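Trainee: This is the structure alone, sequence omitted:
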């Protein structure tokens, strides 16, 4: 519990890098929001997920970590969305009780974690994508999407990664992605 002897917290990044990260995060989630609110019917689509907030922080504030790489971001969210929808339709919807939600949520997150590990696409925020899908009632906009939830997750995660590709390569010395495979 004492930590590694002799280790210290790393220093804060330079102000220029912080500013670029703030601008990039605003641009990435801003573009995703603009596409959603400007193009799609919000009753039939859901592109703004809470888990995308955490993804945005990883993409623009920690772009070199494995969890921030394109394969992990897009693959992790898409696979987790698919797992979450499957659990919603096979476990939660047939029972539609608070008890079923208490089982469906943890089951979806655990299964999504296993799938991400097996496919080398671990992206921690994607656990929230699975949880959201698995516990959404059919009468809610997210629950009514069913398999279309996966499509909206693809569009949102690809938009964020695309913005990260542009913004993260604007600062000398910063390269994104670190790897594709």
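Mentor: That came in fine, so what should we check first? Just so we're clear, the structure is a prediction, and the values are computed from it rather than from any experiment.
Trainee: Show me the strands in this structure, by range?
Mentor: For the chain, applying DSSP state E gives no strands.
Trainee: hey, which helix is longest across it?
Mentor: Ranked by residue count and defined by DSSP state H, the top helix of the chain is helix 15-39.
Trainee: who touches that helix?
Mentor: If you take C-beta atoms under 8 Å, 6 or more residues apart in numbering as the criterion, helix 15-39 is touched by 12-13, 42, 45, 47-48, 52-53, 56-57, 59-61, 155-156, 159-160, 163-164, 167-168, 170-171, 174. Any C-beta I mention is one placed from the backbone N, CA and C, and that applies to glycine too.
Trainee: in that helix, what counts as buried?
Mentor: By neighbour count on 16 or more other C-beta atoms under 10 Å, the buried set for helix 15-39 is 20-21, 24-25, 27-29, 32, 35-36.
Trainee: Break down the protein into its helices, ranges please.
Mentor: Assigned by DSSP H, the helices in the chain fall at 15-39, 50-61, 70-87, 93-95, 98-118, 126-134, 141-145, 148-167.
Trainee: Quick check: mean pLDDT of the longest one?
Mentor: Meaning helix 15-39. Summarised as a single mean, pLDDT over helix 15-39 is 91.
Trainee: and the angle for that helix with helix 148-167?
Mentor: 140 degrees (axes from the mean of the first three to the mean of the last three C-alpha atoms, to 10 degrees).
Trainee: circling back to that earlier point, and the contacts of helix 15-39, which of them are buried?
Mentor: Here, 16+ other C-beta under 10 Å leaves 45, 47-48, 52, 56, 59-61, 155-156, 159-160, 163-164, 167-168, 171 buried among the contacts of helix 15-39.
Trainee: pLDDT score assigned to residue 101?
Mentor: You'll see residue 101 listed with a pLDDT of 81.
Trainee: contacting residues around it?
Mentor: Residue 101 neighbours (C-beta under 8 Å, 6+ apart): 92, 135.
Trainee: Next one: it from residue 135, what distance?
Mentor: Distance check for residue 101 against residue 135: by C-beta to C-beta, to the nearest Å, it reads 5 Å.
Trainee: any common contacting residues for the two?
Mentor: Residues touching both residue 101 and residue 135 (C-beta under 8 Å, 6+ apart): residue 92.
Trainee: wouldn't residue 68 be in contact with residue 57 here?
Mentor: No. Residue 68 is not in contact with residue 57 according to C-beta atoms under 8 Å; the separation is 9.4 Å.
Trainee: What is the least confident helix or strand in this structure?
Mentor: Ranking every helix and strand in the chain by mean pLDDT, DSSP states H and E puts helix 141-145 at the bottom, with a mean of 74.
Trainee: Please point out which parts of that helix sit buried.
Mentor: 142-143, 145.
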